[in-house]
Every structure is written in C-alpha cells, then in structure tokens.
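> Turn this into a structure:
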Amino acid sequence: MPSQNRFFIGTETKERNESTFPTQVKTVVLALDGDDGGKEASSRLANQLVQSGLRVRVCLLGPNTWGKDWNERWQRLGQQSLAPVFEALSETHSA
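Got it, this is the predicted structure:
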C-alpha cells in the first residue's frame with residue numbers, strides 16, 4: 001500500500017497546489033520555517049488548500065536553541081527534531 005503521507009520541504013512548496021496530492025489525501029500538515037517568509041507561505045498555502053477542500057494543520061517552527069530552521073534542528077537532533085510534525089499529524093488523526 002503506498003504511503004498517504006507527503007512531505008514537502010522548504011521552498012519546494014511554492015508551486016504546490018491541491019492537484020499535487022493524490023485523491024486519498026484529505027489532510028495536509030504544513031511545516032515550513034518559522035521566519036516571516038515561512039509564516040506567510042504557511043498562511044497562503046493553508047488558505048489555498050482549505051479552499052480546495054483539504055484539512056490543514058500548520059506546524060510552525062517555534063524559537064529555541066536547537067536551530068533557526070528544520071534543517072539545523074535535524075542536524076543537531078536527528079529524528080527527534082521532527083517530533084512537532086508528528087504530533088501535528090497525530091492531532092489530525094484524532095480530530
């Protein structure tokens with residue numbers, strides 16, 4: 001069975017829209033950078049995806065000492081750095 005999870009990292013999301021997702025995808029978790037550009041892109045993409053009928057959960061990168069973006073956190077923490085993304089994904093399944 002193919003995975004129903006799709007992950008798009010960084011600026012790769014700029015050209016994404018609802019047609020990018022297979023029909024079985026009903027929920028999208030956006031985990032873009034926490035800077036102003038990432039916040040703006042998260043808001044814009046969330047609005048577009050909601051309008052297309054998808055449920056959206058935004059997982060913003062909060063400030064802490066582990067790094068300024070997801071890549072830095074991954075380099076320092078490995079898989080543990082993705083805990084907020086998996087928590088957001090889990091919340092979408094329990095909603």
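> Can you check the pLDDT for the most centrally placed residue in the chain?
The centroid of the chain falls nearest to Leu30 when counting by CA atoms, centre = their mean (2.1 Å). Looking at Leu30, its pLDDT stands at 89.
> Any idea what it is bridged to?
Assessed by DSSP bridges, Leu30 has beta-bridge partners Val58.
> quick one: contacts for it?
Thr13, Ser42, Leu45, Ala46, Val56, Arg57, Val58, Cys59 (CB atoms under 8 Å, 6 or more residues apart in numbering). C-beta: built from backbone N, CA, C; applies to glycine.
> where exactly do the helices run in this structure?
Assigned by DSSP state H, the chain shows helices spanning 36-51, 70-77, 83-94.
> got these as JSON lines, with mean pLDDT, distance to Pro22 and mean neighbour count columns?
Supplementary listing: these in JSON lines, determined by pLDDT from 0 to 100; distance: least, CB to CB, whole Å; neighbours: other CB atoms under 10 Å:
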{"stretch": "helix 36-51", "mean pLDDT": "88", "distance to Pro22": "14", "mean neighbour count": "15"}
{"stretch": "helix 70-77", "mean pLDDT": "88", "distance to Pro22": "24", "mean neighbour count": "15"}
{"stretch": "helix 83-94", "mean pLDDT": "81", "distance to Pro22": "16", "mean neighbour count": "13"}
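> for these, which one sits closest to Lys26?
helix 83-94 (9.0 Å; CB to CB).
> If anything else comes up later, I'll come back, but that's it for now.
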